[in-house]
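*Asks:* sharing a sequence plus its predicted fold:
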Amino acid sequence: MLKDVTLGQYYQADSPIHKLDPRVKLVGTLLYMISLFIFNNIYCYAIAAVFLITVIILTKVPVWYMLKGLKAVLFIMLFTVVFNIFFTPGEYIFEFGIFHISREGIKGAVFMIIRLTLLIVSASIMTLTTTPNRLTDGIEKLFRPLKLIKVPVHEMAMMMSIALRFIPILMEEADKIMKAQTARGAKFDSKKFMDRVKSLIPLIVPLFISAFRRASDLALAMEARCYHGGEGRTKMKPLKYKAGDIVSYVILALYIAAMVAVGILSARLAFFQFLSK
Amino acid sequence: MPIITDHLTYVYGSKTTLQKTALNDVSVKIDDGQFIGLIGHTGSGKTTFLQLLAGLIKPASGTVYLDGEDIYAKDFDKRTLRSKLGIVFQYPEHQLFEETVFKDVCFGPKNLGVDDKETELRAYEALKMIGLEDEVFYQSPFDLSGGQKRRVAIAGVLAMKPKILILDEPTAGLDPAGRNDILGLILKLQKEQGMTIILVSHSMEDVAEYADRVLVMDKGSIVFDNTPREVFKHHEELKELGLSVPQVSVAMSKLREKGLPVKTDAITVEEAVKEIIRVLR
């Protein structure tokens, strides 16, 4: 039951996207997300969707596996859709008491679904195709300039990589404890809400204790190996851009250019339509 | 209460690139009151097998019958399973959570729906049986030593009064005295209460000394299923599986090579001593 969370999980495969430099993927994902927010018209979404689908095919990650991540946010999506449909003022096409559905509301809801789906899938592509270690390496390198203003970039990256590294460990631990307590009759899958709430205590207490134990063990192990922060530290596999990464940056730039062009064109179109009314 | 597994198969990470068959078509019958030693190298599927027996994970195919009832059937009440079969996981002390030792041991029987008085009686009995002193009963389990925590955790399972007890390396990381205490208790439960015991161990000596039947697992299948004496005759095969035979069996073979005409089928120290004395007379 804990295994259903795909957001933040790595999926092993041999694909061009997996081989990309993590910095490319970070910058790409960030720009992609920004582009979704700035250009919100149907033509731009079409371009963004085509781009994303191409990337999905390139990753070789099964589509069902990727969509599993959407399940976790289904509730939030439904919530925003309902709000958009019922509470957007505009040209009403259906009215019942205090409820009214407007054309703008439906349009807003559809746009919201498309945007959220694209956002979440693009974020999960990054984590599915990049190991946590490479991801933090990329972040560390990207934010290195911030060191000039005394931001502890290395330390933050290290904390992040430890946190990411511990997610699967703690999940496994939680799974083990759950099984042990189930064997002692705990009712994790009970239909009664109170039973389930009560059954959390036998899970959470041992989990916290084990997390603290692991944290102190790890700190000790790092001390023992003379870890002293980022000063003068070298990498076994330093990040280096390869030809494929440059090509990806070019493709990314082309995508952004296309989005900007279509965005400006459609904005003008809308403006003229507005004038001619 | 015999346990029968019928072509039991389990697959990890199905439908992904990391798919791995952890258990492959295992069919065994475990009779009442047997003391079973389960051995196999790390990753051979022992723990998966135990979890399937305890109904904690769903098999890909095949099933388990407890007392003739299919434990994976939709209408099977898991509570009967919990009351009949107790499982002590590896490092069971990690499952402790209550404020006091006594409360923690009460957790199991309480979940079975046993009334308060009976629950407390069972908890008291279990703690006594495992050899814990009264003064620790109302301490926090987190203040105890490692060995004591282990005992509390085992008591928590014993308080459920199972007929079948599964133990996954219960003595890992304990000192010799703690090991002997726990294994002695397990043997006593089997002999006096007729409990069925399934013990996973990496110590061939322990298995040779306590078990009446040994199951050897490799790559998700059972490769040997016999008495310890018969199983431990296969020196070479066991070595290939990353296992070994009891030290004393090796010693007896060496003695024979050196010219002392002893039989080499001794698997415990006592047997070996008797055999050597017999030959020397």
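*Replies:* Arrived safely.

*Asks:* for the rest of this, base every contact and every neighbour count on C-alpha atoms.
*Replies:* Will do.

*Asks:* contact residues of the stretch 51-200 of chain B facing chain A?
*Replies:* By C-alpha under 8 Å from any C-alpha of the partner chain, the part of the stretch 51-200 of chain B that sits against chain A consists of B:54, B:56, B:79, B:82, B:86-89, B:92, B:94-98, B:107-109, B:111-112, B:156-157, B:160.

*Asks:* quick one: which of those sit in helices?
*Replies:* Judged by DSSP state H, these include B:79, B:82, B:107-109, B:111, B:156-157 as members of helices.

*Asks:* B:His202 sits in which helix or strand?
*Replies:* If you go by DSSP states H and E, B:His202 is not part of any helix or strand.

*Asks:* now do the residue nearest to it when sequence neighbours are not counted against chain A, distance only.
*Replies:* Spatial nearest neighbour of B:His202, excluding adjacent residues (C-alpha to C-alpha, 6 or more residues apart in numbering or on different chains): B:Ile39 at 6.4 Å. To chain A, B:Ile39 is 21 Å away according to C-alpha to the nearest C-alpha, to the nearest Å.

*Asks:* tell me, how many residues neighbour B:Ile39?
*Replies:* Other residues lying near B:Ile39 total 24 when counted by other C-alpha atoms under 10 Å in any protein chain shown.

*Asks:* how is chain B divided into domains?
*Replies:* B:1-76+B:163-229, B:96-161 (automatic domain parsing).

*Asks:* got a pLDDT number for residue 214?
*Replies:* This is for chain A. A:Arg214 is assigned a pLDDT of 92 by the prediction.

*Asks:* hmm, I had chain B in mind actually
*Replies:* Here, the pLDDT recorded for B:Val214 equals 94.

*Asks:* try A:Gly8
*Replies:* At A:Gly8, the model reports a pLDDT of 58.

*Asks:* got TSV for the domains of chain B, with distance to A:Ile56 too?
*Replies:* As requested, the domains of chain B are exported to TSV (distance: least, C-alpha to C-alpha, whole Å):
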stretch	distance to A:Ile56
domain B:1-76+B:163-229	16
domain B:96-161	44
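
*Asks:* what comes up buried for stretch A:157-167?
*Replies:* A:157-158, A:160-162, A:164 (16 or more other C-alpha atoms under 10 Å in any protein chain shown).

*Asks:* list the contacts of stretch B:170-179.
*Replies:* The contact list for stretch B:170-179 (C-alpha atoms under 8 Å, 6 or more residues apart in numbering or on different chains) reads B:88-92, B:147, B:182-183, B:200-201.

*Asks:* farthest pair in those residues?
*Replies:* Greatest spatial distance among the contacts of stretch B:170-179 (C-alpha to C-alpha): B:Gly147 and B:Val200, at 18.4 Å.

*Asks:* so the two - more neighbours on which side?
*Replies:* The residue with more neighbours, out of B:Gly147 and B:Val200, is B:Val200; 25 against 16, by other C-alpha under 10 Å.

*Asks:* contact partners for the more buried one?
*Replies:* Contacts for B:Val200 (C-alpha under 8 Å, 6+ apart) come out as B:37-39, B:46, B:167-170.
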